[in-house]
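Here's my sequence, what's the structure:
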Amino acid sequence: MKKFIYIVGLITIVVLCSLFTDFIVLKIIDSVENLKYRHKLKRRFNKPLTAKCYCRDCIFHGDHGKCCSFSNKYTADDSFCCEAQPKELNNDDLD
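As a prediction, the model looks like this:
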């Protein structure tokens, strides 16, 4: 009986250690993915532009986030299209 309790305790400790290790590894992987996403988000406007402007600076891009040129579809700020026309920006808009 003593051996049985010892084996059950040993198996429980091994299972708990593996679950704890798995939890730590998943947290590390999640943190790395989060850092990669933040880096990508921070640097999204660094690539050279192939259109006249980004959607956020286009005259067709409304305040509501929809593009009036493409049947009112939602567009991301760093998107661009072939029909983009830059709007005039004031110095206050550059901040």
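
which stretches of this structure have low pLDDT?
When the per-residue scores of the chain are filtered using pLDDT under 70, the ranges that remain are 47-52, 54, 56, 60-80, 82-85, 89-95.

Quick one: the strands in it, in order.
Taking DSSP state E as the criterion, the chain contains strands spanning 66-67, 73-74.

Helices of this structure, start to end?
For the chain, the helices identified by DSSP state H occupy 2-42, in order along the chain.

burial count for D22?
Under the neighbour criterion other C-beta atoms under 10 Å, D22 is assigned a count of 10. Any C-beta I mention is one placed from the backbone N, CA and C, and that applies to glycine too.

ok, now which ones touch it?
Taking C-beta atoms under 8 Å, 6 or more residues apart in numbering, we find D22 in contact with no residue.

try N34
Not one residue lies near N34 by C-beta under 8 Å, 6+ apart.

Please report the distance of it from I28.
Counting by C-beta to C-beta, to the nearest Å, the gap between N34 and I28 amounts to 11 Å.

before we move on, what about F4?
Taken as C-beta to C-beta, the span from F4 to I28 is 37 Å.

do K42 as well
Plainly put, K42 is 21 Å away from I28 if you go by C-beta to C-beta.
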